[in-house]
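**Student:** the following block contains a protein sequence and its predicted model.
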Amino acid sequence: MDKLDAAIVRELQTDARQTNRELAAKLGIAPSTCLERVRALRQRGVITGYHASVDLAALNRKVQALLAVQVRPLSRAVIEDFKAYVAGLPEVLSVFVVAGGDDFLVHVAVQDIDRLHAFLMDRFSQRREIVGFRSSVIYQHTSNKVLGPLP
């Protein structure tokens, strides 16, 4: 990626709804050049999609938590099956397969603490492969909305 590609990616992360003409004007390039560069970034897999940011509280998901989960036996089949199961739950925002003492970190967003407890009891306690889990309620969450390439 060169500096122009990085600038295109940065601008689209800031506002993916802008037109190609607006993007080209911000970058000081011809619209045809801009369109060609954006298409190339998509073809190379740098730009993977365009998404709307949503307010979880407005969707009645006021409580977020990170769930650290250990599964056994550790095998590819168990890991893949559990990952697919968890990713399909409507409360789940993200699933991370990790190394260390835990096997998964699961980011969830639910209505309230009672619903978090019910989620853990109904969705996790009954799974035979889960040998342990811990929950950490998230008080505040900040993420970088605009990412660029590292040197």
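**Tutor:** Perfect, I can see it now. Residues are numbered from 1 along each chain as shown.

**Student:** so this structure: which segments form each domain?
**Tutor:** The chain breaks down by automatic domain parsing into domains covering 3-43, 57-138.

**Student:** nearest residue to the middle of this structure?
**Tutor:** Ser94 (5.4 Å; Cα atoms, centre = their mean).

**Student:** buried sites along the helix or strand harbouring Val95?
**Tutor:** Take DSSP states H and E as the rule and Val95 turns out to sit in strand 92-97. Within strand 92-97, the residues that count as buried by 16 or more other Cβ atoms under 10 Å are Val92, Val95. C-beta here means a position set from N, CA and C on the backbone, and glycine is covered the same way.

**Student:** also stretch 136-144?
**Tutor:** Under 16+ other Cβ under 10 Å, stretch 136-144 has no buried positions.

**Student:** what does stretch 45-63 give?
**Tutor:** Ile47, Arg61, Val63.

**Student:** which one of the residues you listed is nearest to Gly132?
**Tutor:** For the buried residues of stretch 45-63, the residue nearest Gly132 by Cβ to Cβ is Val63; the value is 21.6 Å.

**Student:** which residues touch that closest one?
**Tutor:** By Cβ atoms under 8 Å, 6 or more residues apart in numbering, the residues touching Val63 are Ala109, Val110, Gln111, Asp112, Ile113, Arg115, Leu116, Val137.

**Student:** who's the second one bridged to?
**Tutor:** Looking back up the chat, that one is Val110. Note on Val110: beta-bridge partners by DSSP bridges are Val63.

**Student:** quick check: it touching Glu91?
**Tutor:** Yes. Using Cβ atoms under 8 Å, Val110 makes contact with Glu91 at a distance of 5.3 Å.

**Student:** can you list residues touching both of the two?
**Tutor:** In terms of Cβ under 8 Å, 6+ apart, Val110 and Glu91 are both contacted by the residues Arg61, Phe119.

**Student:** of the two, who's got more company?
**Tutor:** Applying other Cβ atoms under 10 Å to Val110 and Glu91 shows that Val110 carries more neighbours, namely 22 against 18.

**Student:** and that one, how far from Ile79?
**Tutor:** The gap separating Val110 from Ile79 is 24 Å, by Cβ to Cβ, to the nearest Å.

**Student:** I am finished for the moment; much appreciated.
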